[in-house]
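Visitor: coords please:
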Amino acid sequence: MRDTVDDGLADLLASTVASVGLELVDVERHAAVIRVVVDGPGGADLDAIAEATRAISGVLDRHDPFPGHRYTLEVSSPGVERPLRTPAQFARAVGEQVTVRTVAGGEGDRRVTGRLTGADEAGITVEGDDVPEGVRRLRYDDIERARTVFSWGAPPPPGRGRGRSGAPARAARSAPPRPATKKRVATS
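Guide: Next up, the predicted model:
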């Protein structure tokens, strides 16, 4: 279960990663682990993540989130399936496939999967064949969690894609290669 991170720490880390040219995507605290997810306009490469790790580590040394206890700091990029939490993150994901889970007690299905076709200050619009009536508007307050969904492309049509041996041939990927970012872990 995810522990909440106080707004003061999130704001402090957001300004810290902004100072190295990145954006704070998410902060989670699990037991004695702080996970920080950062991104940049063209992604976050290893050098950017290393720079962010050093900056975050320095700030956490001064503003210890676990006074008197050891903890692990993990800093990474969000990868191809990334969480969406802020209106700006939703706006950047317009046109992408998303899955959204709504808060309990709301109207309609709790899980909505489709193409994100709009995002403004009030909420988002998701469209698709699996969305009842083809389109659904959700307010940010109605969203429990959301993330982008990466698709490798459709499988070959039946009867196609078999090699000479009769075994299925490897399907060509229709998606771009994953960005060259890796998780970096630093401990303080």
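
Visitor: endpoint to endpoint, stretch 37-54 covers what distance?
Guide: 14 Å (CA to CA, to the nearest Å).

Visitor: give the phi and psi angles for the most centrally placed residue in the chain, as a check.
Guide: For the chain, the residue sitting closest to the mean C-alpha position, by CA atoms, centre = their mean, is R82 at 2.0 Å. Phi and psi for R82, reported as degrees, to the nearest 10, are phi -110, psi 150.

Visitor: for it, give me its contacts.
Guide: Contacts for R82 (CB atoms under 8 Å, 6 or more residues apart in numbering) come out as V25, V37, D39, Q89, A93, R147, T148. Yep, even glycine has a C-beta here, placed from its N, CA and C like the rest.

Visitor: what about it, distance to V112?
Guide: Distance, R82 to V112, using CB to CB, to the nearest Å: 17 Å.

Visitor: now do D7
Guide: 27 Å.

Visitor: likewise for A119?
Guide: According to CB to CB, A119 stands 14 Å off from V112.

Visitor: next one: T125
Guide: Applying CB to CB, the value for T125 to V112 is 10 Å.

Visitor: now E28
Guide: On the measure of CB to CB, E28 and V112 end up 23 Å apart.

Visitor: just give me the neighbour total for D61.
Guide: When neighbours are defined as other CB atoms under 10 Å, D61 has 9 of them.

Visitor: nearest spatial neighbour of G106, skipping sequence neighbours?
Guide: D142 (5.2 Å; CB to CB, 6 or more residues apart in numbering).

Visitor: just for the protein, where's the confidence low?
Guide: 1-6, 153-188 (pLDDT under 70).

Visitor: for it, which segments count as helices?
Guide: 7-18, 46-62, 87-92 (DSSP state H).

Visitor: which strands and helices sit next to the last one?
Guide: I take that to be helix 87-92. Secondary-structure packing of helix 87-92 (3 or more CB pairs under 8 Å, 6 or more residues apart in numbering; DSSP states H and E): strand 111-119.

Visitor: output the strand it packs on as CSV - backbone C-alpha positions only.
Guide: Coordinates of each C-alpha in strand 111-119 appear next as CSV, following Å, rounded to 0.1, in the frame of the first residue of the first chain:
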residue,chain,number,x,y,z
ARG,A,111,-12.2,1.1,-15.0
VAL,A,112,-12.1,3.1,-18.3
THR,A,113,-9.6,2.2,-21.0
GLY,A,114,-9.4,4.2,-24.3
ARG,A,115,-7.7,7.0,-26.1
LEU,A,116,-7.2,10.2,-24.1
THR,A,117,-8.7,12.8,-26.4
GLY,A,118,-8.9,15.8,-24.1
ALA,A,119,-7.5,17.3,-20.9
